[in-house]
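J.: Please find the sequence and the predicted model below.
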Amino acid sequence: MATAAEQDDLDMVIVGAGLSGIAAAAHLKMNCPNKSYTILEQRADMGGTWDLFRYPGIRSDSDMHTLGYRFKPWLNEKTIADGPAIHEYVHETADEYGITSNINFRHRVTGASWSSEEAKWTVTAKREEDGEEVRFRANFLFMCAGYYNYDQGYRPDFPSEEAFGGKIIHPQHWPEDLDYSGKKVVVIGSGATAVTIVPVMAETAEKVTMLQRSPTWMVSAPAIDPFSKFLRKFLPEKLAYSITRFRNINMQRLVYWRARSAPDKVGDKLLTAARDLLPDYENFETDFKPKYGPWEQRLCLVPDEDMFSAIKSGKAEITTDHIDKFTKNGILLKSGKELEADIIVTATGLNLVLLGQTELSVDGVKVDLGQKVNYKGVMFNDIPNMASVFGYVNASWTLKTDIVCDYVCRLLKTMDAKGATIANPKLTDPDMPRLPFVDDFSSGYFARSFDKLPKNGDKHPWRVLQNYAAEKKILTKEPVDDGIMVFSKAHSVAEQQVDEELIAAE
């Protein structure tokens, strides 16, 4: 395969053109307008998740006043927005900030290597149109590639799958021409994707059954936020958006804190609210009361009670059971009951990955990310000039994106002020405990990937807090030059080793 140099001497390479990548470029344009950059995006369009997923009803599972950018008001009437509206919002942002022309579409990043001698990252990508390998060189690498494998969703092997006479579909790979009108559908899973798909498919399918091993906490909310709607009648759009955003951020945090400190009380309230919507439902606790506390996994947001309405209509139902095997006509359950199906949807989750599965090396040594420790939830120990975005598990993803971008711009300005070309968070305590990347969160996609994920330390700044208010203060106010971040100029590996020995001796 031929190798070609695509762009050299950039200030920054951004990987990914989803919500985070577009935000990174916009922040750079606003705060460091003299910095040159390019974005590498493996797909043919921007939008990330909102370009990839095409299943029925695809929508946000957070309100758009917090999932939207701090710097660009969400003006759509619906607060719980559908995928196409979010996709359009990303496009609008890219156009407003002149970002689109800086995106290299259909460039799949495969590797990135750091050279201390040059103070450069060399990022290698495969250009999908011709299969050619291309390289981009930049001083700083900003990873905004999301948190899951775009090529393959998680789907366990089910016994006797080959016996089923219908179609088996994973939501991540939804066929555009799928006709499910008048069909019997079984959706395996009980998470946000399943709860989104079921009521929409139930509108035209003969019957939709959500098959779950155990329930998930559900909470209903209006798709149009009445508070925001009221403010927009009297206030300028930006001010109304800021006030609603501030309110919703604090409400999210309050609900999460209350759920984790008094799970039984919050659980009772959630169950009571659901029971009020389904007063005649038999076996209610079997199908609606989870085995874990609220917010040990993300709550399933139900806009305008649509899931509950679909159940009341008789077009949708929930079955709590375990799969014995697939049959020609559907799924045989451990209880002996058989669910008939023409279509089976495996809403069984994602495969969690970080940094878009990019292979990293630093001065010729391959990086094992599972052995690295988070630094302020933005960087990793002993990986120079690289930041990444990983959003909140207990709040909207983009809240973290904005403040990470704030920090990266502050870091770049500090480097310029010091005349430094390298910023490296040095971990000098080899005995510091390695704690889970995210604790007190039991979702399967985290549990399946624990060994591959970077770790948390037991003290600041080596710990991700999952707390927006605290991390906003750290990333936007705390000094960048904190005694842990080491600033230097390009140097040889031998010089670096001497520096590390001096640091360790201090």
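T.: That came through, no problem. Since the model is a prediction, treat every value here as computed from it, not as a measurement.
J.: pLDDT score assigned to Thr196?
T.: For Thr196, the pLDDT comes out at 96.
J.: distance of Thr66 from Pro84?
T.: 20 Å (Cβ to Cβ, to the nearest Å). Backbone N, C-alpha and C define where each C-beta goes, glycine included.
J.: More neighbours: these two, which one.
T.: Thr66 (25 against 14; other Cβ atoms under 10 Å).
J.: How is that one assigned, secondary-structure-wise?
T.: helix (DSSP: H, G, I helix; E, B strand; the rest coil).
J.: Skipping adjacent residues, who's closest to it in space?
T.: Among residues not flanking Thr66 along the chain, Ser396 sits closest, at 3.9 Å (Cβ to Cβ, 6 or more residues apart in numbering).
J.: Would you mind confirming that the one you found is in contact with Leu67?
T.: Yes. Using Cβ atoms under 8 Å, Ser396 is in contact with Leu67, at 4.3 Å.
J.: thinking again about what came up before, and the residue nearest to Thr66, how many neighbours does it have?
T.: Other residues close to Ser396 by other Cβ under 10 Å number 24.
J.: With Ala205 as the reference, measure out to it.
T.: 31 Å.
J.: residue contacts, the residue lying closest to Trp462 once chain neighbours are set aside?
T.: Closest residue to Trp462 apart from its sequence neighbours, by Cβ to Cβ, 6+ apart: Val373 at 5.1 Å. Shown in contact with Val373 (Cβ atoms under 8 Å, 6 or more residues apart in numbering): Phe380, Asn381, Leu427, Met432, Arg434, Pro454, Lys455, Asn456, Gly457, Trp462.
J.: Is it possible to mark the buried ones in those?
T.: Phe380, Asn381, Met432, Pro454, Lys455, Asn456, Gly457, Trp462 (16 or more other Cβ atoms under 10 Å).
J.: from those, which is closest to Tyr180?
T.: Among the buried ones among the contacts of Val373, Pro454 lies closest to Tyr180 (Cβ to Cβ), at 40.6 Å.
J.: Which pLDDT does the model give the closest one?
T.: Reading off the model, Pro454 has pLDDT 88.
J.: Let me see the contact set for it.
T.: Applying Cβ under 8 Å, 6+ apart, the residues near Pro454 are Leu354, Leu369, Gly370, Gln371, Lys372, Val373, Asn374, Phe380, Phe437.
J.: Apply 7 Å and report the result again.
T.: Leu369, Gly370, Lys372, Val373, Asn374, Phe380, Phe437 (Cβ atoms under 7 Å, 6 or more residues apart in numbering).
J.: Next, format those as CSV and append distance to Asn34.
T.: Output for the contacts of Pro454, formatted as CSV (distance: Cβ to Cβ, whole Å):
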residue, distance to Asn34
Leu369, 31
Gly370, 37
Lys372, 31
Val373, 32
Asn374, 30
Phe380, 27
Phe437, 35
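J.: now the helix or strand harbouring Val408: how far from the chain's centre is it?
T.: Assigned by DSSP states H and E, Val408 belongs to helix 397-418. Relative to the centre of its chain, helix 397-418 is centred 19 Å away, using Cα atoms, centre = their mean, to the nearest Å.
J.: After it, which helix or strand is next? Please name it.
T.: Next along from helix 397-418, by DSSP H and E: strand 422-425.
J.: Grab the CA positions of that following strand and hand them over as CSV.
T.: Provided in CSV are the C-alpha atoms of strand 422-425 (Å, rounded to 0.1, in the frame of the first residue of the first chain):
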residue,chain,number,x,y,z
ILE,A,422,5.3,19.6,25.0
ALA,A,423,2.9,19.2,27.9
ASN,A,424,3.1,15.9,29.7
PRO,A,425,1.2,14.9,32.8
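J.: What strands flank that strand, and is each parallel or antiparallel?
T.: Paired strands of strand 422-425, with direction, are strand 485-488 (antiparallel) (DSSP bridges).
J.: how about the residue nearest to Thr286 when sequence neighbours are not counted, phi and psi?
T.: Nearest residue to Thr286, sequence neighbours excluded (Cβ to Cβ, 6+ apart): Thr320, at 5.2 Å. In terms of degrees, to the nearest 10, the main-chain angles of Thr320 are phi -100, psi 110.
J.: Nice, that's everything, thank you.
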